[in-house]
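Participant: return a 3D structure for these sequence lines:
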Amino acid sequence: MSSDLLDALTALEKQKGISREVLVDAIEAALVTAYKRNFNQAQNVRVDLNLGVGTIKVFSRKDVVAEEVEEDRLQISLEDALLINPAYEVGDIVEQEVTPRDFGRIAAQTAKQVVTQRVREAERGLIYEEYIDREDDIVNGIVERFDARNLYVGLGKVEAVLPMTEQIASEKYNPHDRIKVYITKVERTSRGPQVFVSRTHPGLLRRLFEMEVPEIFEGIVEIKSIAREAGDRSKISVFTTNEEVDPVGSCVGARGARVQSISNELNGEKVDIVEWSEDPVVFVANALSPSKVLDVQVKEEDRSTTVVVPDYQLSLAIGKRGQNARLAAKLTGWKIDIKSETDARELGIYPRFEEEQAEVEYDEESEQVDIYSDEETTLDSTEESEEIDADSIDLYQDEPQ
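Facilitator: Model prediction:
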């Protein structure tokens, strides 16, 4: 074996990241195939590739049998085996060197394709292992080509598939465009690893916030839930246990710089950031932002809520084509029924408690009625009632009489 082969093995190990053991196994398997094909041999053989000495040797392998030999290429009698080595017993394997004189050049050419294939398979295995660990992660890619159903994004070592269903409808892709994609699935196929990516997955939004907001990346602020209608609008709920940190403000950034950067990456998709709460009343009210909420009534048994909003805020709370209410329901996990203040009053569901009225208390001993309002006044039940009533009338006139 020439030093060129050793140099080639070293180069492949460095460039492709494939261990030398894998390459040696591939070469030995290729040489066995080349020997059988070129020398019309059907016997069992083993190829020994000695990297230290730089030699290639082929050994035939035959089973030692006690009875009559039925297949010369696969078996050897015990009697003949003992002539080679007295230590052989029935069931052992006898190896004899059968390396052809002109094996070098013929074997090298024939083995080349097999070696290349094995190296490619090993390379595919490494690529698969690399990307299977990156599932649910965001990567940068370059748009390479299109077909009727899919868009193909180059990720360096592999070409990822971006299905039409995972593309943002409002986006237009051109060859050589750089885009960020979210790896949803990695499969092992006969043609190598197949990577599937998405631009619409909620995970893409989560990863973008982790990249853009240090507080999220460091775990100070936690993303609790995401509701997304890709390319149009999304809602994200955030929470922190650190009282000194504003979770919403951290995600928005100074003058909205952080959330604007994420919106630009998603082709202008609007992102509402709300504070998460374990109290469904508070969480649902926050989720319907930017609309104002007057009341939230919760039904635990079917995880539904009735939300009352001012009349002029009804359309804002529902949103265009019901989008705001729909996203809020996805974000919170609660069904949301929105009522205007007028409708809620007519249905008798708002307000849930009567407005505070003056408390009237009757004192039997003094036979007095006390009315408690902003100022305490006591009226005696006596003959002076008519005079007091008259005085009261004077008090409510615009001008004194």
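Participant: pLDDT weak spots in the stretch 251-400 of the chain?
Facilitator: 353-400 (pLDDT under 70).
Participant: can you pull out the helices in it?
Facilitator: For the stretch 251-400 of the chain, the helices defined by DSSP state H, counting those that start in this stretch cover 257-265, 280-287, 314-318, 323-332, 341-347, 385-395.
Participant: which neighbouring elements make contact with the second one?
Facilitator: Read that as helix 280-287. Contacts defined by 3 or more C-beta pairs under 8 Å, 6 or more residues apart in numbering; DSSP states H and E place helix 280-287 against strand 233-239, strand 270-275, strand 295-299, strand 304-309, helix 323-332. C-beta: built from backbone N, CA, C; applies to glycine.
Participant: can you put those in CSV and add distance to residue 262?
Facilitator: CSV is the format used below for the helices and strands packed on helix 280-287 (distance: least, C-beta to C-beta, whole Å):
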stretch, distance to residue 262
strand 233-239, 9
strand 270-275, 6
strand 295-299, 29
strand 304-309, 28
helix 323-332, 16
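Participant: closest to residue 67 out of those?
Facilitator: Of all the helices and strands packed on helix 280-287, helix 323-332 sits nearest to residue 67, with 76.1 Å by C-beta to C-beta.
Participant: tell me what angle that closest one forms with strand 270-275.
Facilitator: The directions of helix 323-332 and strand 270-275 differ by 50 degrees, with axes from the mean of the first three to the mean of the last three C-alpha atoms, to 10 degrees as the criterion.
Participant: for the stretch 101-250 of the chain, which segments count as strands?
Facilitator: For the stretch 101-250 of the chain, the strands defined by DSSP state E, counting those that start in this stretch occupy 138-146, 150-154, 159-163, 178-189, 192-198, 222-229, 233-239.
Participant: quick one on the thing from earlier: the helices and strands packed on helix 280-287: which one's closest to residue 65?
Facilitator: Of all these, helix 323-332 sits nearest to residue 65, with 72.7 Å by C-beta to C-beta.
Participant: who are the packing partners of that closest one?
Facilitator: In terms of contacts (3+ C-beta pairs under 8 Å, 6+ apart), helix 323-332 is packed against strand 222-229, strand 233-239, helix 280-287, helix 314-318, strand 335-340.
Participant: let's see 10 Å
Facilitator: On a contact count with 3 or more C-beta pairs under 10 Å, 6 or more residues apart in numbering; DSSP states H and E, helix 323-332 meets strand 222-229, strand 233-239, strand 270-275, helix 280-287, strand 304-309, helix 314-318, strand 335-340.
Participant: please name the strands paired to the last one in the sheet, noting orientation.
Facilitator: Using DSSP bridges, the strands paired with strand 335-340 are strand 304-309 (parallel).
Participant: check the first one too.
Facilitator: According to DSSP bridges, the neighbouring strands of strand 222-229, each with its direction, are strand 233-239 (antiparallel).
Participant: returning to what we had before: ok, which of the strands of the stretch 101-250 of the chain comes nearest residue 8?
Facilitator: When the strands of the stretch 101-250 of the chain are compared by C-beta to C-beta, strand 192-198 sits nearest residue 8, at 22.5 Å.
Participant: picking up where we left off before, can you redo the strands of the stretch 101-250 of the chain as CSV with mean pLDDT, distance to residue 96 and mean neighbour count?
Facilitator: Listed next are the strands of the stretch 101-250 of the chain as CSV, based on pLDDT from 0 to 100; distance: least, C-beta to C-beta, whole Å; neighbours: other C-beta atoms under 10 Å:
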stretch, mean pLDDT, distance to residue 96, mean neighbour count
strand 138-146, 94, 54, 16
strand 150-154, 95, 52, 19
strand 159-163, 95, 49, 19
strand 178-189, 94, 40, 17
strand 192-198, 94, 40, 21
strand 222-229, 97, 68, 19
strand 233-239, 97, 72, 22
